[in-house]
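Novice: Structure of the sequence below:
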Amino acid sequence: MIAPAQSLVIVGSGLAAWTLVREFRKLDAQTPITLITRDNGDFYSKPMLSNALSSGKTAAQLVSATSAAMAQQLGVTVMAKTDVTAIDPVAYSVTTALGPVTYSRLVLALGADPVRLPLQGDAADRVISVNDLQDYATFRAQLEGAKRVTVIGAGLIGCEFANDLVQAGYEVDVIDPGTHPLGRLLPLEAGQQMQQALAHAGVRFHFGNSVQAVLAAPQGLQVELANGQRLASDLVLSAVGLRPRIALAKAAGLQTARGIVVNRQLQTSQTDIYALGDVAEVEGLLLPYVMPMMQSARTLAAHLAGQPATLRYPAMPVVVKTPAMPVVVSPPLANAQGSWQVNAFSDGVDARFVGLDGTLLGFALAGKATGQKTVLQKSLPAVLA
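Specialist: I've put the predicted structure just below:
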């Protein structure tokens, strides 16, 4: 397929890709856009996957606009159910099962894959992750008739799913080698209070432990832990992190590290190829959250439209969707020097990470303390100035 001259080709159809299309069309209504996606291209909000169950939402109900509707509204050619298997930066083309597609500028919005743990046992292949709409549909189907769910990982996604599952009436065990929920985001005191709230809602935590094997049992599954304990379960959900999809870019000679390395115009090491969303690494930062993605999409849209644009990340607190204990966190940067100052009370935690000079560098708010978010956010330094 020979795309028109000065065409924009986007690989991927997640929130990052469609947000870019929307933002670009505000600035440029004429440039032909071809969107190539391995799924059907329907538009939905991925963050809703981890809290849709208790509200009874099916996969179909999470779709806010079909691929056909988006294509018509935004003037886009969508190549659905189509894998891109190679990129040729010299020929300015990508290889698909339907033939080569040429581009003048290419955007890789490839997303990330769930990390898969090397589990043992004859039912290890039955462990699932929920990373897209089809995964959610599979998850919903496998929950039919189930009562007990084991969640591997007590990070943001694991806690959101655990809360959603207990709200929907399931028995939930969460396994994590750390000491408390959201161990990478919350100081101990805040994590402990969140643990208490989720435990009160019905979640059973197993910290300082890990899953070694998943075994088939006459009634469901047996989950074997490192300490030898076995948990009866009907479904095992893994939520231990994401790994950016960099293989395609790496094979094409693009610079990669943890993600596809881009500058602050989202440009890769190859002329006229860009990366966006979960797969893009900007100055060492991989931020798989909605707000950084929105900032990046707006910046890239302006750049592609010929406007001067440089990506900046303001302070962008993350809202954790755990109704049992609402949490808002803006973690300090990895190299930040300072310490947590924690004020824990009966129905919340106000934790602030303060630099050596007394400057506020981050915060973690739980329960009623989340009301301080707007005030504290104004005092934070930019993540990427």
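Novice: List the buried residues in the helix or strand hosting Arg140.
Specialist: Using DSSP states H and E, Arg140 maps to helix 133-142. Of all the residues in helix 133-142, those buried under the rule 16 or more other C-beta atoms under 10 Å are 133, 136, 139, 142. C-beta coordinates here come from the backbone N, C-alpha and C atoms, glycine included.
Novice: what do you get for stretch 286-295?
Specialist: Buried positions in stretch 286-295, judged by neighbour count with 16+ other C-beta under 10 Å: 286-288, 290-295.
Novice: immediately after the helix holding Arg140, which helix or strand?
Specialist: Next along the chain after helix 133-142, taking DSSP H and E as the criterion, comes strand 148-152.
Novice: could I have that following strand exported to PDB, CA atoms only?
Specialist: Extracted as PDB, the C-alpha positions of strand 148-152 are listed here (Å, rounded to 0.1, in the frame of the first residue of the first chain):
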ATOM      1  CA  ARG A 148     -11.700 -17.100  44.500                       C
ATOM      2  CA  VAL A 149      -9.100 -14.900  42.700                       C
ATOM      3  CA  THR A 150      -5.400 -14.700  43.400                       C
ATOM      4  CA  VAL A 151      -3.700 -11.500  42.300                       C
ATOM      5  CA  ILE A 152       0.100 -11.500  41.900                       C
END
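Novice: how far off helix 133-142 does that strand point, in degrees?
Specialist: 150 degrees (axes from the mean of the first three to the mean of the last three C-alpha atoms, to 10 degrees).
Novice: Report all helices and strands that strand 148-152 contacts.
Specialist: Secondary-structure packing of strand 148-152 (3 or more C-beta pairs under 8 Å, 6 or more residues apart in numbering; DSSP states H and E): helix 156-167, strand 171-176, strand 220-225, strand 230-233, strand 235-238.
Novice: among those, which is nearest His206?
Specialist: strand 171-176 (4.8 Å; C-beta to C-beta).
Novice: show me what contacts Ile273?
Specialist: For Ile273, the contact set (C-beta atoms under 8 Å, 6 or more residues apart in numbering) comprises 87, 89, 105-108, 252, 254, 267.
Novice: quick one: Pro299 and Leu311 touch, right?
Specialist: In this structure residue 299 is Thr, not Pro. Yes - between Thr299 and Leu311 there is a contact at 4.4 Å, judged by C-beta atoms under 8 Å.
Novice: on that earlier part again, what's the offset of the helix holding Arg140 from the middle of its chain?
Specialist: Counting by C-alpha atoms, centre = their mean, to the nearest Å, helix 133-142 is centred 17 Å from the centre of its parent chain.
Novice: Dump the helices and strands packed on strand 148-152 to CSV, plus mean neighbour count, distance to Leu365 and mean pLDDT.
Specialist: CSV is the format used below for the helices and strands packed on strand 148-152 (neighbours: other C-beta atoms under 10 Å; distance: least, C-beta to C-beta, whole Å; pLDDT from 0 to 100):
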stretch, mean neighbour count, distance to Leu365, mean pLDDT
helix 156-167, 24, 15, 98
strand 171-176, 23, 22, 98
strand 220-225, 20, 32, 97
strand 230-233, 17, 32, 97
strand 235-238, 23, 27, 98
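Novice: wait, which of these is closest to Val262?
Specialist: helix 156-167 (23.9 Å).
Novice: What is that closest one packed up against?
Specialist: Helix 156-167 packs on strand 148-152, strand 171-176, helix 188-201, strand 203-207, strand 318-320, going by 3+ C-beta pairs under 8 Å, 6+ apart.
Novice: would TSV of the buried residues of stretch 286-295 with pLDDT and secondary structure be doable?
Specialist: What follows is the buried residues of stretch 286-295, written out as TSV (pLDDT from 0 to 100; DSSP: H, G, I helix; E, B strand; the rest coil):
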residue	pLDDT	secondary structure
Leu286	94	coil
Leu287	91	coil
Pro288	88	coil
Val290	93	helix
Met291	94	helix
Pro292	95	helix
Met293	96	helix
Met294	96	helix
Gln295	97	helix
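Novice: Now do Leu98, the pLDDT please.
Specialist: For Leu98, the model assigns a pLDDT of 91.
Novice: Burial check on the residue nearest to it when sequence neighbours are not counted, number of neighbours?
Specialist: Leaving aside its chain neighbours, Leu98 sits nearest to Thr82 (6.0 Å; criterion: C-beta to C-beta, 6 or more residues apart in numbering). Counted by other C-beta atoms under 10 Å, the residues lying close to Thr82 total 18.
Novice: Now do the same contact list for Thr82.
Specialist: Going by C-beta under 8 Å, 6+ apart, the list of residues near Thr82 reads 36-38, 96-98.
Novice: Sort out which of the residues you listed are buried, if you could.
Specialist: Buried among these by 16+ other C-beta under 10 Å: 36-38, 96.
Novice: thinking again about what came up before, nearest to Gln30, out of the helices and strands packed on helix 156-167?
Specialist: Going by C-beta to C-beta, the one of those nearest Gln30 is strand 318-320, 37.0 Å.
Novice: who's in contact with the most centrally placed residue in the chain?
Specialist: The residue lying closest to the centre of the chain (C-alpha atoms, centre = their mean) is Pro288, at 4.7 Å. For Pro288, the contacting residues are 112, 242, 278, by C-beta under 8 Å, 6+ apart.
Novice: Tell me the confidence at the closest residue to Leu49 other than its chain neighbours?
Specialist: Closest residue to Leu49 apart from its sequence neighbours, by C-beta to C-beta, 6+ apart: Tyr136 at 5.0 Å. Per-residue confidence (pLDDT) for Tyr136: 97.
Novice: circling back: from Ala252, how far out is the residue nearest to the centre of the chain?
Specialist: 22 Å (C-beta to C-beta, to the nearest Å).
Novice: Next: Pro177.
Specialist: Taking C-beta to C-beta, one finds Pro177 at 36 Å from Ala252.
Novice: Neighbour count for these two, which is higher?
Specialist: Set Pro177 next to Ala252 and count neighbours by other C-beta under 10 Å: Ala252 wins out with 21 against 15.
Novice: surely that one meets Pro89?
Specialist: Yes - Ala252 is in contact with Pro89 according to C-beta under 8 Å; the separation is 5.9 Å.
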